[in-house]
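K.L.:
Everything below, folded, please.
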Amino acid sequence: QLADSGGGLVQTGDSLRLSCAASGRTANVYFMGWFRQVPGGERSLVCGYSLSSGNTYYADVVRGRFTISKDKSDDTLYLQMNSLKPEDTAVYYCVGSMDWKNFPPQEFQFWGQGTQVTVSS
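P.N.:
Residues are numbered from 1 along each chain as shown. Prediction:
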């Protein structure tokens, strides 16, 4: 199970850090990351982290502003979001994948409940 948190209302240029706590069956999870979904839109992968290699993936729209990291001591995944823009407004979902063949993965078996991030102009 994944429990994501940390969303909120911020202003343009502000920073925010999202957290994702993993529990239960995680031995076969090879990738963890964050999707986001804007109202009326599809979910898109924002960034991700390979648990085996440590490699990271960032979508072009967030590269240089967002940083994904993982605390190995407690299996918590973090998303540090800097220089936030109104277009970053979305519900952010923590995800986990057992797809070890693809990077980033093509299937995601585990989803958090989502946390709302709103960036005002």
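
K.L.:
Skipping adjacent residues, who's closest to the residue most central in space within the chain in space?
P.N.:
The residue lying closest to the centre of the chain (C-alpha atoms, centre = their mean) is residue 34, at 2.0 Å. Spatially, and ignoring its direct neighbours in sequence, residue 34 is nearest to residue 46 (4.7 Å; C-beta to C-beta, 6 or more residues apart in numbering). Glycine gets a C-beta too; all of them are placed from N, C-alpha and C.

K.L.:
so how far is residue 100 from residue 7?
P.N.:
Distance of residue 7 to residue 100, given as C-beta to C-beta, to the nearest Å: 30 Å.

K.L.:
Give me the more crowded residue out of these two.
P.N.:
Set residue 7 next to residue 100 and count neighbours by other C-beta atoms under 10 Å: residue 7 wins out with 17 against 14.

K.L.:
Give me the neighbour count for residue 26.
P.N.:
Residue 26 has 15 nearby residues by other C-beta under 10 Å.

K.L.:
Residue 81 too?
P.N.:
Once other C-beta under 10 Å is used to define contacts, residue 81 is seen to have 26 neighbours.

K.L.:
do residue 103 as well
P.N.:
The local packing of residue 103 (other C-beta under 10 Å) involves 17 other residues.

K.L.:
List the contacts of it.
P.N.:
Counting by C-beta atoms under 8 Å, 6 or more residues apart in numbering, residue 103 makes contact with 31, 50, 55, 57.

K.L.:
Mind checking what secondary structure the nearest residue to the third one once chain neighbours are set aside has?
P.N.:
Closest residue to residue 55 apart from its sequence neighbours, by C-beta to C-beta, 6+ apart: residue 103 at 6.6 Å. Secondary structure of residue 103, reduced to three states by DSSP: H, G, I helix; E, B strand; the rest coil: coil.
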